[in-house]
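Q: Sharing a model that was predicted from the sequence below.
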Amino acid sequence: MNVNTEPRTEMVLLRREMGDVLREYRQRQGRTLREVSSDARVSLGYLSEVERGQKEASSELLDSICRALNVPLSHVLRLIADRMDLAGGRLTPAMRRARSVKMQIPDSIPDSVINAELAAMNR
């Protein structure tokens, strides 16, 4: 996953972040929209709209998609929250914990560090 660490000037929408996260999980697994929509029992078109941030997924639908992706819903929600924090120029919970134990946090976080953190979250 490639996460931009620069604060955004436009409004950060939950549905867009959710769609990005779900799409990234699906693509990392090498799965198609059709496969995931079938496993999640949701229409292909609706899942596509969710991934593009055009539709808000209900909690039931989000749970079904996460089950189809074999990813805990809590991981998806945590990742979305971290992405929203980063987009808003705030520290993520992991970064706040690091700061509280006097670790230095660089002004710009290398992609390798972010990718390692995201990989750890997916275990």
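A: It's in.
Q: State the distance from residue 68 to residue 62.
A: Per CB to CB, to the nearest Å, residue 68 is found 11 Å from residue 62. Using the backbone N, CA and C atoms, a C-beta is placed for each residue, glycine as well.
Q: which one of those two has more residues nearby?
A: The neighbour comparison of residue 68 against residue 62 (other CB atoms under 10 Å) goes to residue 68, with 21 against 18.
Q: List the contacts of the more buried one.
A: 36, 39-40 (CB atoms under 8 Å, 6 or more residues apart in numbering).
Q: So which bits of the host helix or strand of residue 36 are buried?
A: Under the criterion of DSSP states H and E, residue 36 resides in helix 33-40. Buried residues in helix 33-40, counted by 16 or more other CB atoms under 10 Å: 36-37, 40.
Q: With stretch 42-54 instead?
A: 42, 47-51, 53.
Q: okay, and for the protein, where does confidence drop off?
A: 1-11, 92-93, 95-114, 116-118, 120-123 (pLDDT under 70).
Q: following the helix holding residue 36, which helix or strand comes up?
A: Following helix 33-40 in sequence, per DSSP H and E, is helix 44-51.
Q: tell me the contacts of the closest residue to residue 64 other than its chain neighbours?
A: Leaving aside its sequence neighbours, residue 64 sits nearest to residue 40 (CB to CB, 6 or more residues apart in numbering; 4.5 Å). By CB under 8 Å, 6+ apart, residue 40 lies in contact with 47, 61, 64-65, 67-68.
Q: Specify which member of those is nearest to residue 29.
A: Closest to residue 29 out of the contacts of residue 40 is residue 68 (10.1 Å), distances taken as CB to CB.
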